[in-house]
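1. need a structure here:
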Amino acid sequence: MAQNEMLAMILAGGRGSRLKDLTTKVAKPAVFYGGKYRIIDFPLSNCANSDIDVVGVLTQYESVLLNSYVAQDGRWGLDSKDSGVYVLTPREKADEGLDVYRGTADAISQNIDFIDTYDPEYLLILSGDHIYKMNYAQMLDYHKQMKADATIAVRPVPLKEASRFGIMNTDGHGKIVEFEEKPANPKSNLASMGIYIFSWKLLRKMLVEDMKNPNSSHDFGKDIIPRMLGENRGLFAYEFKGYWKDVGTIDSLWEANMDLLDPKNPLNLNDPSWLIYTEDVSTLPAYIGKEAKINKAYITQGVRVEGSVTNSVLFTGAVVEKGAQVIDSVLMPGVVVEEGAVLTRALVAEDVRVGQNVKIGSKDSEGIELVAKNVKGGTK
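-> Numbers count the residues shown, from 1 in each chain. Next up is the predicted model:
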């Protein structure tokens with residue numbers, strides 16, 4: 001890929017309200033995942049591994065921590081004079097006086113000047129809140145091969161789940177002929193991954209016109225893509241068959257972490273050929289006590305276990321004290337589970353302390369129990 005042939009823009013401004021207390025003070029892409037990573041590490045690492053030199057990260061809600069985290073562009077090897085990760089924030093005021101992006105297309109429109117600085121031939125647009133590994137250079141090769149105006153990454157999903165997604169219907173040769181947003185009766189199972197490559201000159205023209213349209217939602221799914229289809233533009237589906245997870249709910253975030261316990265899980269976080277870069281935290285090695293009992297666990301550096309851990313994921317610095325039991329659960333960084341406490345099917349937020357003899361969750365629960373505040377314990 002020639003330098004700046006394709007520039008990437010990561011949409012990282014969603015509220016993440018379905019993650020409840022995990023996103024009251026932290027933007028969704030900054031939420032922890034997989035022992036030591038943050039969600040935003042994945043699209044940024046994919047960009048670095050795909051030889052994309054310039055990445056704009058568009059932030060919005062509760063973005064202070066995310067902004068400072070992303071600004072350390074050397075973390076992903078994008079800190080040379082010709083590369084970098086740039087934090088881009090909204091410029092336009094909403095009715096309530098806040099700076100906001102009115103929609104996904106508006107987020108790009110407000111940053112046209114930034115994109116024009118690099119004059120890319122192609123623009124890659126990504127969601128900042130999915131867990132996956134993907135070579136965007138291969139997707140660009142497909143875009144060129146098909147002589148596409150826009151290429152949308154899609155992933156086959158079970159047909160019974162297709163109504164939860166934006167569905168792309170194709171002509172059998174990859175060309176998209178219809179887009180359905182969460183259809184009740186889907187015609188195909190090709191779900192949009194929220195990953196787009198556009199030929200920049202055409203998209204720029206359409207965005208400028210969209211900004212002037214008072215009836216537009218300024219959104220790719222609601223406005224830009226339907227218009228392209230209506231004009232019979234060359235829209236093509238790029239089928240991705242690897243691991244991909246939308247971690248928009250407590251249950252799905254828990255599931256994505258638990259997937260790491262599966263030896264057949266295709267998301268190999270230790271693959272030397274496709275590194276997932278993150279913040280380098282200095283901490284002690286993991287410590288497993290003499291009386292500890294561990295049965296299938298994903299344990300990160302700095303963890304201390306003296307109790308019992310079964311089928312669980314423990315992030316950096318998590319502690320399970322003597323007599324405590326952690327079952328089918330996820331402990332985020334700095335969590336302490338005190339003596340005698342029992343956690344079952346729970347996700348515990350960063351730095352939360354679960355007190356002595358507390359019982360949380362159940363093996364028969366329909367959903368995952370989120371523990372976002374300290375829980376005071378007591379004696380038996």
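2. the helices in the protein, which residues?
-> Ranges of helices in the chain, per DSSP state H, are 41-49, 64-70, 104-109, 112-118, 136-145, 200-211, 225-230, 250-258.
3. closest to S312 out of the ones you listed?
-> Shortest distance between S312 and the helices of the chain, using C-beta to C-beta, is found for helix 250-258: 8.3 Å. In this view, the C-beta of every residue, glycine as well, is placed from N, C-alpha and C.
4. What are the buried residues along the closest one?
-> 250-254, 256-258 (16 or more other C-beta atoms under 10 Å).
5. same deal with stretch 289-309?
-> Quick answer for stretch 289-309 (16+ other C-beta under 10 Å): 294, 297-300, 302-309.
6. could you dump those to a markdown table with pLDDT?
-> As requested, those are arranged in a markdown table below (pLDDT from 0 to 100):
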| residue | pLDDT |
| --- | --- |
| I294 | 97 |
| A297 | 97 |
| Y298 | 96 |
| I299 | 96 |
| T300 | 94 |
| G302 | 95 |
| V303 | 97 |
| R304 | 97 |
| V305 | 98 |
| E306 | 98 |
| G307 | 98 |
| S308 | 98 |
| V309 | 98 |
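7. Show me the two of those that sit farthest apart.
-> Across those (C-beta to C-beta), the longest gap, 19.2 Å, separates G302 and S308.
8. Just the buried positions in stretch 239-253, please.
-> 240, 243-248, 250-253.
9. farthest-separated two in those residues?
-> Taking C-beta to C-beta, no two of the buried residues of stretch 239-253 sit farther apart than F240 and I250, at 25.3 Å.
10. The helix-or-strand element of the chain with minimal mean pLDDT: which residues count as buried?
-> Across the helices and strands of the chain, mean confidence by mean pLDDT, DSSP states H and E is lowest for helix 64-70: a mean of 88. By neighbour count on 16+ other C-beta under 10 Å, the buried set for helix 64-70 is 66-67, 69-70.
11. any idea what sits nearest V281, other than its immediate chain neighbours?
-> Leaving aside its sequence neighbours, V281 sits nearest to T316 (C-beta to C-beta, 6 or more residues apart in numbering; 6.0 Å).
12. How about M134?
-> Nearest in space to M134, with sequence neighbours left out and distances taken as C-beta to C-beta, 6+ apart, is N46 at 5.3 Å.
13. what does A349 give?
-> Closest to A349 by C-beta to C-beta, 6+ apart is A372, at 4.3 Å.
14. coming back round to it: quick one, which of the helices of the chain gets closest to V342.
-> Nearest of the helices of the chain (C-beta to C-beta): helix 250-258, 17.2 Å.
15. Alpha carbons of the closest one, as PDB, please.
-> This file holds the C-alpha atoms of helix 250-258, laid out as PDB (Å, rounded to 0.1, in the frame of the first residue of the first chain):
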ATOM      1  CA  ILE A 250     -22.700  -6.800  29.500                       C
ATOM      2  CA  ASP A 251     -23.600 -10.300  28.300                       C
ATOM      3  CA  SER A 252     -21.700  -9.900  25.000                       C
ATOM      4  CA  LEU A 253     -18.600  -8.400  26.700                       C
ATOM      5  CA  TRP A 254     -18.600 -11.300  29.100                       C
ATOM      6  CA  GLU A 255     -19.000 -13.800  26.200                       C
ATOM      7  CA  ALA A 256     -16.100 -12.300  24.300                       C
ATOM      8  CA  ASN A 257     -13.900 -12.600  27.300                       C
ATOM      9  CA  MET A 258     -15.100 -16.200  28.000                       C
END
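16. so what secondary structure elements neighbour it?
-> strand 32-33, strand 244-246, strand 308-314, strand 330-331, strand 346-348 (3 or more C-beta pairs under 8 Å, 6 or more residues apart in numbering; DSSP states H and E).
17. picking that back up, what pLDDT does the residue nearest to V281 get?
-> With respect to pLDDT, T316 scores 96.
18. what does the one 4 residues further on give?
-> Model confidence at V320, given as pLDDT, is 98.
19. burial measure for it, as a count.
-> 33 (other C-beta atoms under 10 Å).
20. List the contacts of it.
-> 292, 304-309, 314, 326, 331, 337 (C-beta atoms under 8 Å, 6 or more residues apart in numbering).
21. how about a cut-off of 10 Å?
-> Residues in contact with V320 (C-beta atoms under 10 Å, 6 or more residues apart in numbering) are 288-289, 292, 294, 297, 299, 303-309, 312, 314, 326, 329, 331, 335-339, 341, 343, 354.
22. Fine by me, thanks again.
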